[in-house]
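> Give the three-dimensional model of this entry:
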Amino acid sequence: MKISFPHMGNLYIPLTLLFSSLGLEVVVPPPISKETMNLGVKYSPEGACLPFKLTLGNFLEAAALGADTFFMAQGYGLCRFGFYTEVQQKIMRELGYETNMALVNISQNVLQNLLRKLKELSGKSQLQVLGAVRLALVAIKVLDDLEKLLYQVRPRELRKGESTKVHQKTVDRLAQASSVSEIRRIGSEGMKELAAVGQDPARTPLRVGILGEFYVVLEPFTSSDVERRLGEMGVEITKYLYASDWVSFHMFMKLFKVFKEHKSAAEAARPYLAYNVSGDGLQTVGQTILCAEEGFDGIVQLYPFTCMPEIVAKHMLPKVSDDFRIPVLSLGLDEHSGNAGFITRLEAFTDLINRRKSLRRLEVAK
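Below you'll find the predicted structure:
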């Protein structure tokens, strides 16, 4: 068995650790590129969303490298995500790849379903599987903590690009780690190196929240690396979707019925959207309101062009923007999204919120 999985940000690192520690041979797909996109688009149904096309492209590239088993989440709901694996496996078999899908149902009992699937794939004991899961969870948390610090340092750095290089160096080191202690040590050293990057203490960056559909928020290729581009424009971003938060909520908080953060976003959204539209649509609306109340300068919503939950949210956001006086930039992403136009829209949005902030300062001064 040669197991693989789709890319989503740096999630390939904990997934590689997870399967390698269980004695499975791992085939990591090439990083997502234009070739991945073209391959996925070529064989996907015309109306499929961007995450479907890119994950299919990942699978096809990994299959060409010898992968025969693909680890993938599966769930039900209003989003088309529940149909991904059935359609993708059919496409791959029609192309001559005799592949199997190792599916984990994430709609309920996520931890139980994950442990069962890993035991089935590896033949290892429950204790060994738990150890592998712990290793992966520690790696996910360390990677996300590094990313959060990066978003604080980048808009304040004195030498453009320095924090990005320090962060990438740490990520590369984490990809070679093999134990919990090593992961934590590398993460701690990386945090110290990031914090030591030269910064301008007098600089007050704009604050922008990044919201939207889970996959495109986590995978920088889909949005032309919006986080880096905004950071280099002097914007401090805050994301509300991280792999570690998703794991914490779906594996543990739901198990013990702890819903505090999700409830607050849902309650804030209620005057505009009173029910769950699947995906992250409800959270997008509610968190936009919470960000406005916290004094954020703007919101960027990222969504796949045909994503129903985020399209519903998008139609609520102009009213929210007017009522709470917070600019919102909604970016629909597909294979036709171009870097030049994307950057132009980000620059215009940054100029807008910068002018608004300057005007507010003048009003306060008067």
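
> Find the nearest non-adjacent residue to the residue nearest the centre of the chain, please.
Residue closest to the average C-alpha location in the chain (C-alpha atoms, centre = their mean): Leu218, at 1.7 Å. Spatially, and ignoring its direct neighbours in sequence, Leu218 is nearest to Gly9 (4.3 Å; C-beta to C-beta, 6 or more residues apart in numbering). Every C-beta, even on glycine, is put in place using the N, C-alpha and C of the backbone.

> quick one: that neighbour from Ile140, how far?
Distance from Gly9 to Ile140, counting by C-beta to C-beta, to the nearest Å: 10 Å.

> Check Gly231 too.
Spatial separation of Gly231 from Ile140 under the definition C-beta to C-beta is 22 Å.

> just to revisit the earlier point, determine the residues that are contacts of both of Gly9 and Ile140.
Common contacts of Gly9 and Ile140, defined by C-beta atoms under 8 Å, 6 or more residues apart in numbering, comprise Ala243.

> Comparing these two, which shows the higher neighbour count?
Just comparing Gly9 and Ile140: by other C-beta atoms under 10 Å the higher neighbour count belongs to Ile140, 25 against 18.

> ok but that one is inside a strand, no?
No - following the definition DSSP: H, G, I helix; E, B strand; the rest coil, Ile140 is helix and is not counted among the residues of a strand.

> Can you read off the pLDDT for Glu310?
In this prediction, Glu310 carries a pLDDT score of 93.

> Which residue ranges of this protein form strands?
Under the criterion DSSP state E, the chain carries strands at the ranges 2-4, 25-26, 69-74, 100-105, 206-212, 235-239, 298-304, 328-333.

> Give me the mean pLDDT for the fifth one.
Just to be clear, that refers to strand 206-212. 97.

> Measure how far it is from the centre of its chain, please.
14 Å (C-alpha atoms, centre = their mean, to the nearest Å).

> With stretch 281-300 instead?
In terms of C-alpha atoms, centre = their mean, the gap separating the centre of stretch 281-300 from the centre of its chain is 17 Å.

> Just the C-alphas of it, formatted as CSV.
What follows is the C-alpha trace of stretch 281-300 in CSV, where atoms were taken according to Å, rounded to 0.1, in the frame of the first residue of the first chain:
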residue,chain,number,x,y,z
GLY,A,281,-21.3,30.3,5.7
LEU,A,282,-22.9,31.0,9.1
GLN,A,283,-19.5,31.6,10.7
THR,A,284,-18.5,34.0,7.9
VAL,A,285,-21.5,36.3,8.6
GLY,A,286,-21.3,36.1,12.4
GLN,A,287,-17.5,36.5,12.6
THR,A,288,-17.7,39.6,10.3
ILE,A,289,-19.9,41.2,12.9
LEU,A,290,-17.7,40.2,15.8
CYS,A,291,-14.6,41.6,13.9
ALA,A,292,-16.4,44.9,13.4
GLU,A,293,-17.2,45.1,17.1
GLU,A,294,-13.6,44.4,17.9
GLY,A,295,-12.4,47.3,15.7
PHE,A,296,-11.1,45.5,12.7
ASP,A,297,-10.5,47.7,9.6
GLY,A,298,-11.9,45.3,7.0
ILE,A,299,-12.8,41.8,6.1
VAL,A,300,-11.7,39.6,3.2
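
> Could you measure from the residue nearest to the centre of the chain over to Arg93?
The gap separating Leu218 from Arg93 is 28 Å, by C-beta to C-beta.

> Could you do Met191 as well?
Counting by C-beta to C-beta - Met191 and Arg93 are separated by 45 Å.

> Neighbour count for these two, which is higher?
With other C-beta under 10 Å as the criterion, Met191 and Arg93 differ in neighbour count, and Met191 comes out ahead with 17 against 11.

> That one reaches Asp145, doesn't it?
Yes - with contact defined as C-beta atoms under 8 Å, Met191 and Asp145 form a contacting pair (7.0 Å).

> In this structure Gly279 contacts Gly75, no?
No - checked against C-beta under 8 Å, the pair Gly279 and Gly75 is beyond contact range at 10.4 Å.

> For those two, indicate the residue with more neighbours.
Between Gly279 and Gly75, counted using other C-beta under 10 Å, Gly279 has the larger neighbour count: 25 against 17.

> Now the more buried one: closest residue in space that isn't a chain neighbour?
Across the structure, with C-beta to C-beta, 6+ apart as the measure, the residue nearest Gly279 apart from its sequence neighbours is Pro309 (3.2 Å).

> I'd say the one you found and Tyr275 touch.
No - taking C-beta under 8 Å as the definition, Pro309 is not a contact partner of Tyr275, at 11.4 Å.

> Next, show the common contact partners of those two.
Leu282.

> Which of those two has more residues huddled nearby?
Neighbours per residue, other C-beta under 10 Å: of Pro309 and Tyr275, the larger number sits with Pro309, 25 against 10.

> ok, the more buried one to Ser278 distance?
In this structure, Pro309 lies at 5 Å from Ser278, with C-beta to C-beta as the measure.

> repeat for Gly40
Relative to Ser278, and taking C-beta to C-beta, Gly40 is found at 23 Å.

> Among the two, which residue is more densely surrounded?
Neighbours were counted for Gly40 and for Ser278 using other C-beta under 10 Å; Gly40 has more, 26 against 19.

> Quick one: residues contacting the more buried one.
Applying C-beta under 8 Å, 6+ apart, one finds that Gly40 lies in contact with 52-58, 60.

> How about it: what's its closest non-neighbour residue?
If you skip the residues right next to it in sequence, Gly40 has Gly57 as its closest partner in space, 3.2 Å away by C-beta to C-beta, 6+ apart.
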